[in-house]
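Engineer: predicted structure and sequence below. I'll ask about it afterward.
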Amino acid sequence: MRVFVTGASGHLGSAVVPNLLSAGHDVVGLARSDTSAAAIEKLGAEVRRGDLSDLDVLREEAAASDGVIHLAFRHDLMVNGDLAGAAEVDLAALTALADALADSGKPLVGTGGTAMLVLGGIVGRPGTEGDTFPGGGYRIDAENFVAGLASRGVRSSVIRLAPTVHSSLDRLGFIPTIIASARQHGYAAYVGEGANRWPAVHTLDAAQLYRLALEKAPAGTRLHGAADEGVPFRQIAETIGRNLDIPVRSISPDEANGYFGFLGTFAQLDNPTSSAVTRELLDWTPAHPNLIADLNEGHYFQA
């Protein structure tokens, strides 16, 4: 396949592109800067200049490709608290891609997050691929849009990624942000008892999942990119504290935003997530270290 990938130079893209190439696919990566273009070329892919606001570019590349993987997201807006703005840009980009793919039978793989399970009201049990949220909301609208493209002749699927996509490729994700907070404050923190659970997936396992979804996910499929079903946040904090040789403390919910910044709410979510359906449907078998083992490898704590 000729595959168009947005976000090709990012954390996840830097693993997805090599995985696609090693499987014999040709890749065109969207690059918004000279730095991004150079990174994509180094991976061995073709470059198309543009960003998520260049809707004509998105339509052209989607139409010229045999499939699309959409990884890019305006994380800068999210970090600055403009979740609505980030979601609006994402939905507009997806609409442009979908317009080019309609009635083609080609695959479009979108990206969501497992946190939406909790925000959508799933509590007291692991979220499953069958959980849906017709009411809409942050990133839910985009997920529902992608799944609905099955009725427009697109072999669409969406991967709900765990909040912790971890590996030595991860420089700006949630784990580096939490570690930076621990360094800044001189202690690693969890909220309350720290019993709330975060799912996690290794970057290389997630990359394989994107390729499998591109190649064979049925139209309208929701998939879960979660290898660890749920790691207690206190265990994450204790592992960070041990590796940094600093104390570990419980903080109150009122202190969470001051300690974790924009992650204050996320750090309190209990988000256990099952990927049993995804594993069986696509024969996806995560093979890389889980979150705690990956943290203990030490690469996150190197200067």
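Structural biologist: Thanks, I have the structure now. What you are looking at is a predicted structure, and each value in this text was computed from that prediction instead of being measured. Residues are numbered from 1 along each chain as shown.
Engineer: residues near Arg139, how many?
Structural biologist: Other residues near Arg139 come to 25 when the count uses other Cβ atoms under 10 Å. (Each C-beta comes from the backbone N, C-alpha and C, glycine too.)
Engineer: any stretches of the stretch 51-200 of the chain with poor pLDDT?
Structural biologist: Along the stretch 51-200 of the chain, the parts satisfying pLDDT under 70 run over 75-84.
Engineer: one more time with 90, if that's ok
Structural biologist: The stretch 51-200 of the chain contains residues with pLDDT under 90 at 73-89, 116, 119-121, 133-140, 172.
Engineer: what are the ranges of the helices in it?
Structural biologist: 55-64, 75-79, 83-101, 115-119, 140-148, 174-185 (DSSP state H, counting those that start in this stretch).
Engineer: in the last one, which residues are buried?
Structural biologist: By neighbour count with 16 or more other Cβ atoms under 10 Å, helix 174-185 contains the buried residues Phe174, Ile175, Thr177, Ile178, Ile179, Ser181, Ala182, His185.
Engineer: among these, which one sits closest to Gly130?
Structural biologist: Phe174 (25.7 Å; Cβ to Cβ).
Engineer: so how far is Pro253 from the closest one?
Structural biologist: Phe174 sits at a distance of 18 Å from Pro253 (criterion: Cβ to Cβ, to the nearest Å).
Engineer: can you put the helices of the stretch 51-200 of the chain in JSON lines and add distance to Gly24?
Structural biologist: Formatted as JSON lines, the helices of the stretch 51-200 of the chain follow (distance: least, Cβ to Cβ, whole Å):
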{"stretch": "helix 55-64", "distance to Gly24": "19"}
{"stretch": "helix 75-79", "distance to Gly24": "31"}
{"stretch": "helix 83-101", "distance to Gly24": "21"}
{"stretch": "helix 115-119", "distance to Gly24": "33"}
{"stretch": "helix 140-148", "distance to Gly24": "25"}
{"stretch": "helix 174-185", "distance to Gly24": "32"}
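Engineer: neighbours of the residue lying closest to Ala15 once chain neighbours are set aside, just the number please.
Structural biologist: Spatial nearest neighbour of Ala15, chain neighbours left out: Ala207 (3.8 Å); criterion: Cβ to Cβ, 6 or more residues apart in numbering. Ala207 has 25 neighbouring residues, counting by other Cβ under 10 Å.
Engineer: can you name the element that comes right after the host helix or strand of Ala207?
Structural biologist: Assigned by DSSP states H and E, Ala207 belongs to helix 203-216. Sequence-wise, the next helix or strand downstream of helix 203-216 (DSSP H and E) is strand 221-225.
Engineer: just list the residues touching Ala195, thanks.
Structural biologist: Pro232, Phe233, Arg234, Asp270 (Cβ atoms under 8 Å, 6 or more residues apart in numbering).
Engineer: helices along the stretch 201-303 of the chain, start to end?
Structural biologist: Per DSSP H, counting those that start in this stretch, the stretch 201-303 of the chain carries helices over the ranges 203-216, 233-244, 253-260, 276-282, 291-296.
Engineer: dump the ones you listed to a markdown table, plus mean pLDDT.
Structural biologist: Putting these into a markdown table (pLDDT from 0 to 100) gives the following:
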| stretch | mean pLDDT |
| --- | --- |
| helix 203-216 | 98 |
| helix 233-244 | 98 |
| helix 253-260 | 97 |
| helix 276-282 | 98 |
| helix 291-296 | 98 |
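Engineer: can you redo the ones you listed as TSV with distance to Ala303?
Structural biologist: Output for the helices of the stretch 201-303 of the chain, formatted as TSV (distance: least, Cβ to Cβ, whole Å):
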stretch	distance to Ala303
helix 203-216	21
helix 233-244	12
helix 253-260	22
helix 276-282	37
helix 291-296	16
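Engineer: which of those sits most buried?
Structural biologist: Neighbour counts (mean count of other Cβ atoms under 10 Å) averaged over each of those peak at helix 203-216, with a mean of 23.
Engineer: against which helices or strands is that helix packed?
Structural biologist: Packing partners of helix 203-216 (3 or more Cβ pairs under 8 Å, 6 or more residues apart in numbering; DSSP states H and E): helix 13-22, strand 67-70, strand 107-113, strand 155-161, strand 164-166, strand 221-225, helix 276-282.
Engineer: can I get these in a markdown table with distance to Asp56?
Structural biologist: What follows is those, written out as a markdown table (distance: least, Cβ to Cβ, whole Å):
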| stretch | distance to Asp56 |
| --- | --- |
| helix 13-22 | 22 |
| strand 67-70 | 15 |
| strand 107-113 | 18 |
| strand 155-161 | 21 |
| strand 164-166 | 30 |
| strand 221-225 | 29 |
| helix 276-282 | 33 |
